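In: I need the structure of the sequence given here:
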Amino acid sequence: MYAVFRTGGKQYRASAGDTLKVEKLDADEGASIQFDELLMVGEGESVTVGTPLVSGGKVAAKVLKQDKDRKVEVVKFHRRQNYKRNKGHRQPYTLIEITDVSGGKA
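Out: Predicted structure coming up:
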């Protein structure tokens, strides 16, 4: 069974046993969390699509790690003007492992 859930302004497709990088969550490493904003739940031919959410559905997960992603370089440059600016950014993320997907009703 798989589910499409929403967190951090993004949507993720997950099934039990998957490992996902999601936007930073306020949870400690090793903690169990639940996502209840399910947009779709299904398996094979039987798929339940929410309007807009599936009521009663949950995705349970375990927090594996809180970390920062690799650096993204931002360069501003104007030719022949002696103008160049370099900046870098490392986006924080949470690594989670999906432990259970339970369906609900639309």
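In: CA only for contacts and neighbour counts going forward, please
Out: OK.
In: So which other helices or strands are in contact with the lowest-mean-pLDDT helix or strand in the chain?
Out: Scoring the helices and strands of the chain by mean pLDDT, DSSP states H and E places strand 46-49 at the bottom, with a mean of 88. Here strand 46-49 touches strand 38-43, going by 3 or more CA pairs under 8 Å, 6 or more residues apart in numbering; DSSP states H and E.
In: tell me which residues of the strand it packs on are tucked away?
Out: 38-42 (16 or more other CA atoms under 10 Å).
In: So, low pLDDT: which residues of the protein?
Out: Where the chain drops to pLDDT under 70, the residues are 105-106.
In: need the contact list for the residue of the chain positioned farthest from its centre.
Out: The C-alpha centroid of the chain is most remote from Arg80, which lies 42.6 Å away (CA atoms, centre = their mean). If a contact means CA atoms under 8 Å, 6 or more residues apart in numbering, then Arg80 has no contacts.
In: Now it: which helix or strand?
Out: Counting by DSSP states H and E, Arg80 is held by no secondary-structure element, helix or strand.
In: swap in Ala3?
Out: strand 2-7.
In: who's in contact with stretch 95-106?
Out: 1-3, 14-22, 41-42, 48-51, 53-67.
In: Buried residues in it, which are they?
Out: In stretch 95-106, counting by 16+ other CA under 10 Å, buried: 95-104, 106.
In: and if you look at stretch 7-16?
Out: 14-16.
In: Name the next helix or strand following the least confident helix or strand of the chain along the chain.
Out: According to DSSP H and E, the helix or strand after strand 46-49 is strand 58-68.
In: helices and strands around that following strand, which ones?
Out: strand 32-35, strand 92-102.
In: can you pull up the bridge partners for the closest residue to Asp36 other than its chain neighbours?
Out: Nearest non-adjacent residue to Asp36, counting by CA to CA, 6 or more residues apart in numbering: Lys58, 4.7 Å away. Taking DSSP bridges as the rule, Lys58 bridges to Ser102.
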